[in-house]
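# Following is a predicted model, sequence given first.
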Amino acid sequence: MDDIQLQQRSNGIFKTIQTFEKLFPDEFETCGIYKCGHCNATGISNKHSLGHCSNCGGMGYVGFKKLYGEHICRSCNGYGCGRCNDSGTVDWISHANGSDMTKGPII
């Protein structure tokens, strides 16, 4: 995936979670997803930079574990990186053995 596709995918996930939060606030509170405290759910690193928040990977939310039936990559929080082949998700085996966890620079 190129950078534009990754950003579009990230924006789609962000809007889906944001809509869920607005339409079903009670269910949202109990589902384990919460706004990123580092970027206040904006997904950007700070107001002076358009870089991705390092805590949530640009998603604005953290705590979601599965997406499209697969586990969220723990290195990029679903945004897409070298550890998950830019898909944002990994299969259960990769998740179980921890190969999606940040152990150094993301490729």
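In hand now; what should we look at?
# Report the distance from the lengthiest helix in the chain to the chain centre.
Under DSSP state H, the helix in the chain containing the largest number of residues is helix 3-23. Distance of helix 3-23 from the chain centroid (CA atoms, centre = their mean, to the nearest Å) equals 9 Å.
# after it comes which helix or strand?
helix 25-30 (DSSP states H and E).
# And the contacts of that next one?
Contacts with helix 25-30, where a contact means CB atoms under 8 Å, 6 or more residues apart in numbering, come from 20, 21. Glycine gets a C-beta too; all of them are placed from N, C-alpha and C.
# And for stretch 63-81?
With CB under 8 Å, 6+ apart, stretch 63-81 has contacts from 1, 6, 9-10, 13, 17, 32-34, 52, 56-59, 62, 83-84, 86-92, 94-95, 100-102, 106-107.
# Quick check: the gap between residue 34 and residue 82.
Using CB to CB, to the nearest Å, we find residue 34 at a distance of 27 Å from residue 82.
# Ramachandran angles for residue 54?
phi -70, psi -20 (degrees, to the nearest 10).
# wait, what's in contact with it?
With CB under 8 Å, 6+ apart, residue 54 has these contacts: 38, 45.
# This structure: strands as residue ranges?
34-35, 44-46, 49-52, 61-62, 66-67, 70-72, 89-90 (DSSP state E).
# Please name every helix or strand in contact with the fourth one.
If contacts are counted by 3 or more CB pairs under 8 Å, 6 or more residues apart in numbering; DSSP states H and E, strand 61-62 sits against helix 3-23, strand 34-35.
# Check the contacts of stretch 63-81 for burial and list the buried ones.
With burial judged by 16 or more other CB atoms under 10 Å, the buried subset of the contacts of stretch 63-81 is 6, 9-10, 13, 17, 33, 52, 56-59, 62, 83-84, 86-90, 94-95, 100.
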